[in-house]
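Chemist: requesting a structural model of the entry that follows:
(chains A and B)
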2 protein chains.
Amino acid sequence: MELKQALEQLDALERKRFAFGAADGSIYLDGVTVAPRDTSAWRGVAMSVLAGESHKLITAPETGELLDFLWERKEELDGKCRRRVELLRRERSQLERIPTEEYMEYAALTNEASDVWHRAKETSDFELFRPVLEKLVAFNIKFAGYYDSSKKPYDALLNEYERGVTMEYLDRFFGTVRERLVPVIHAIGEKEQIDDSFLHLHYPVEAQRKFSDYLMEVLGLDRAHCTIGETEHPFTLNFSSGDVRITTNYTEDSLADSMYSVIHEGGHARYELNVDPDMDYTCLAGGVSMGVHESQSRFYENLIGRSEPFIRAIFPKVQGFFPQQLGSVTAEQFYRAVNRAEPSLIRTEADELTYCLHVMVRYEIEKQLIGGTLAVKDVPGEWNRLYKEYLGVDVPDDKHGCLQDSHWSGGSFGYFPSYALGSAYGAQMLRNMEAEMDVWGDVARGDLSRVSGWLKEKVHKYGRLLEPGEIVKNACGEFDPTVYTDYLTEKYSKLYHL
Amino acid sequence: MELKQALEQLDALERKRFAFGAADGSIYLDGVTVAPRDTSAWRGVAMSVLAGESHKLITAPETGELLDFLWERKEELDGKCRRRVELLRRERSQLERIPTEEYMEYAALTNEASDVWHRAKETSDFELFRPVLEKLVAFNIKFAGYYDSSKKPYDALLNEYERGVTMEYLDRFFGTVRERLVPVIHAIGEKEQIDDSFLHLHYPVEAQRKFSDYLMEVLGLDRAHCTIGETEHPFTLNFSSGDVRITTNYTEDSLADSMYSVIHEGGHARYELNVDPDMDYTCLAGGVSMGVHESQSRFYENLIGRSEPFIRAIFPKVQGFFPQQLGSVTAEQFYRAVNRAEPSLIRTEADELTYCLHVMVRYEIEKQLIGGTLAVKDVPGEWNRLYKEYLGVDVPDDKHGCLQDSHWSGGSFGYFPSYALGSAYGAQMLRNMEAEMDVWGDVARGDLSRVSGWLKEKVHKYGRLLEPGEIVKNACGEFDPTVYTDYLTEKYSKLYHL
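Modeler: Residues are numbered from 1 along each chain as shown, chains lettered A, B, ... in the order given. Below you'll find the model as predicted:
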């Protein structure tokens, strides 16, 4: 085989993998946005076939030969090409341990589980979800062994979302966070609470939709390449660096829910749209890891979106969208209201300060579930116990408890810690950005272009060209979670006059 | 190989074909409904790969061996299974003459063409569309040769949409239609025109959306299995007998456009939802041919939807949706208005009587294009000449002329005659239905369940189990286009007191 021919085969392989992935994404997106209710059956069939074809493709002997051939000539390959071969070989060596049938069965299961979870959440019926959750946990324990049997199962899963991260690492990280933030949370409990009642007036969906369009404009999201849809659980999905979709969920008695969900998903979209388009249709396309991805979404959501300069910049416009509700509110009152810290039930609606405690509950439960020390049937009890212990709140029902998130129904165990890690990465990126440019001057003018430019240069443009750890080092320097806890302590000390 | 094993392989083959088709459908649907504007590039890549995989699958030597093995044992197969093997063999023998690369190239071209056509139509710029249309015509001429080189190219294409139909057959059919209907159209030209001005008041989109929901309810379309979206050109897309999507296009200065487009697409959906679900995920699923499909859509649109009993049944509700616009209009005035016959520019908005003339224009142009006697660059001129000759109208621009339909951009040459044939089939079905049940008593009560039941038994449930000709015979008896022309002559003679 000639090198040139091998490289053409590599492109063809990647385009096929892209097509199967994009097809799966399109069917999923349709399923959770516009598809009629009782139609999940065919999606299960189609997604299972597509997963099977994709699996067969990467594990085929010819693929192995092609990748080995290219790896032997890696000195002759350019950097991007070498990295593609490296990543594909890594994925192949992992996936070839999973039998195709199991892989297909799992794809059908997650499609079914998504449907069952939606119904279970609607009716707050954990028993309905329990049998599929049991299957999902069993599959993940098995897959963890396939991924890396030398690791503890949950470590093997964590490594999928953030390469190199382990329970030991997270225990230490969460230990620091808990030790430093819990006193702040307690201190706030003693203070007068911020009034955010005006955020819970009636906010008609139609006006909120227009507000979302405005927020996307502020984030610099080009609508010819990015749309917004509506789903139960907001998410971002990318087809290419030129086509990214975000979704939100409107509730008429809350302005901040959708507002910050749009800015959060907008941060994910900002990342995907900034990836070097040269890498489209290859395994280098897209964000590098869930931790780094969440660092970007939570950067925009909190570090920028909940900052005083940002609120002051957009507030006149916000008032314009909701004159009746906000006509007599000041920018400062609005800033304080969107930063009200209070232990609560729902992670996605939690404030910046208590957020990590929500993540810790999930982390503790996943550790035990995948470690085999907690049965699925006992998840609601354990969930409620931990919410009481960590956040001091009583969970009234499973809809507001262990059924609130979509992640497990999609088969994601080990994802949640990414949110907390990402938040911490983001705080460090902000410090470094501040050292290089006048971040807050720009934000005060509502101009986020240089912020996006900085993140593009340090993080986004690389896609998966570098390892997550390299990207973090690139943008943060040595990772130090106290930068994050210091940032929060300072912000909330001011807000609550501690 | 054991028969049992071969049948399992047949199922696996069909599921793969289903998955590739459903993936293509999902990507297409997304592209024309919610996708951001400048994103067609990745869809071209993905759809081309999926077309290639699907093509490779059906033309693979193993597939040939499997189908031959089963065909040799056809006496041992049940009816459905035998038919599946028959259809797959037929498709295989056709597709194996098309090289996979050409097939993939064509899939990418139709994706691109859809995008270009949209832009060309928006700006009425035929020159923008011309180069892709030239490629599409060239591909279709080549494909016609692959399909059946013993036939004239356009005959080979016609056969794809309605097996057995030829130019000779259509020339005779259209000859009858023209000979019998043109005098009626001329006679109407001498009479006082019906007032339909109240159909062109301001009809807000939001109210029209609710009206669509009501119409879907009247048609008995279960919303848990059928949704409605919005596109430039309305269409119906089915994923399975349990998941069918229709789309419409709202214009605020016309009530009838979307109303009849919803009933038309609803007729297509009624068909797909009535197909025997046992045949899901096999090549027997879905409507049997475009002619039969259009017979159903136009049955609901015109024979039922533009009938006096139907209008009388729904009119109080229609007034409820649009009290300001229709408060002082009577059911009879509304009935007459939605049946106003008048030569016009746009096929999809044409009345029942002049509709076939619109189809004839396209038929004549396709005959010449595929026959090689008309160059693509001369299409606008020929289009305008034929509209003047057949309908007596001057075409002001290509947006209202040869750029109005999406069919050619999707690669469909030979589809249009199906609309006219379908209309004629439908008229005969109605006559037979009337002989067996009190159609108009049901319709007058707004109850279409027995109508749907009759069509299900005679047409829908079979999917592709029978040939189109058998279905037509089943529901119509011997095909006789004068039943159709008599129906129209009688209806319009009454309406216009001829």
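
Chemist: could I get the contacting residues of whichever residue of the stretch 301-450 of chain A sits closest to chain B?
Modeler: Proximity of the stretch 301-450 of chain A to chain B (C-beta to the nearest C-beta) peaks at residue A:410, 18.1 Å away. Any C-beta I mention is one placed from the backbone N, CA and C, and that applies to glycine too. If you count contacts by C-beta atoms under 8 Å, 6 or more residues apart in numbering or on different chains, residue A:410 has them with A:110, A:113-114.

Chemist: do residue A:222 as well
Modeler: Per C-beta under 8 Å, 6+ apart, neighbours of residue A:222: residue A:273.

Chemist: ok so it is a strand residue?
Modeler: No. Per DSSP: H, G, I helix; E, B strand; the rest coil, residue A:222 lies outside any strand segment and is coil.

Chemist: gap between it and residue B:451?
Modeler: Applying C-beta to C-beta, to the nearest Å, the value for residue A:222 to residue B:451 is 49 Å.

Chemist: cool, residue A:56 as well?
Modeler: For residue A:56, the distance to residue B:451 equals 47 Å [C-beta to C-beta].

Chemist: for residue A:138, same thing?
Modeler: From residue A:138 over to residue B:451 the distance is 50 Å, taken as C-beta to C-beta.

Chemist: so the two - more neighbours on which side?
Modeler: Taking other C-beta atoms under 10 Å in any protein chain shown, residue A:138 and residue B:451 do not tie; residue B:451 has more neighbours (22 against 11).

Chemist: that one: which element?
Modeler: Using DSSP states H and E, residue B:451 falls within helix B:449-458.

Chemist: and the stretch 201-350 of chain A, which of its residues are near chain B?
Modeler: By C-beta under 8 Å from any C-beta of the partner chain, the residues of the stretch 201-350 of chain A that approach chain B are A:223-227, A:229, A:239-240, A:242-243, A:245, A:280-281.

Chemist: give me that answer again for 6 Å
Modeler: Of all the residues in the stretch 201-350 of chain A, those in contact range of chain B (C-beta under 6 Å from any C-beta of the partner chain) are A:224-227, A:239-240, A:242-243, A:281.

Chemist: in PyMOL, how would I select the buried members of the residues you listed?
Modeler: The PyMOL selection below is limited to those of those classed as buried (16 or more other C-beta atoms under 10 Å in any protein chain shown):
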select buried, chain A and resi 225+226+227+239+240+242+243+281
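
Chemist: widest-spaced pair of the residues of the stretch 201-350 of chain A next to chain B?
Modeler: Greatest spatial distance among those (C-beta to C-beta): A:227 and A:281, at 20.7 Å.

Chemist: the longest helix in chain A is where?
Modeler: As assigned by DSSP state H, the longest helix anywhere in chain A is helix A:3-33.

Chemist: buried residues, that one. List them.
Modeler: A:6-7, A:9-10, A:13-33.

Chemist: pick out the residue closest to the middle of chain A.
Modeler: Nearest residue to the geometric centre of chain A (C-alpha atoms, centre = their mean): residue A:294, 4.8 Å.

Chemist: which is the next helix or strand following whatever helix or strand it lives in?
Modeler: Per DSSP H and E, residue A:294 falls inside helix A:290-298. For helix A:290-298, the following helix or strand on the C-terminal side (DSSP H and E) is helix A:308-321.

Chemist: send the alpha carbons of that next one over as PDB?
Modeler: In PDB, the C-alpha atoms belonging to helix A:308-321 read as follows (Å, rounded to 0.1, in the frame of the first residue of the first chain):
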ATOM      1  CA  GLU A 308     -22.000  42.700  37.300                       C
ATOM      2  CA  PRO A 309     -20.500  44.300  34.100                       C
ATOM      3  CA  PHE A 310     -22.400  41.900  31.900                       C
ATOM      4  CA  ILE A 311     -25.700  42.500  33.700                       C
ATOM      5  CA  ARG A 312     -25.200  46.200  33.500                       C
ATOM      6  CA  ALA A 313     -24.400  46.000  29.800                       C
ATOM      7  CA  ILE A 314     -27.500  44.000  28.800                       C
ATOM      8  CA  PHE A 315     -30.000  45.200  31.400                       C
ATOM      9  CA  PRO A 316     -31.600  48.000  29.400                       C
ATOM     10  CA  LYS A 317     -32.300  45.500  26.600                       C
ATOM     11  CA  VAL A 318     -33.700  43.000  29.200                       C
ATOM     12  CA  GLN A 319     -36.000  45.600  30.400                       C
ATOM     13  CA  GLY A 320     -37.100  46.300  26.900                       C
ATOM     14  CA  PHE A 321     -38.200  42.700  26.500                       C
END
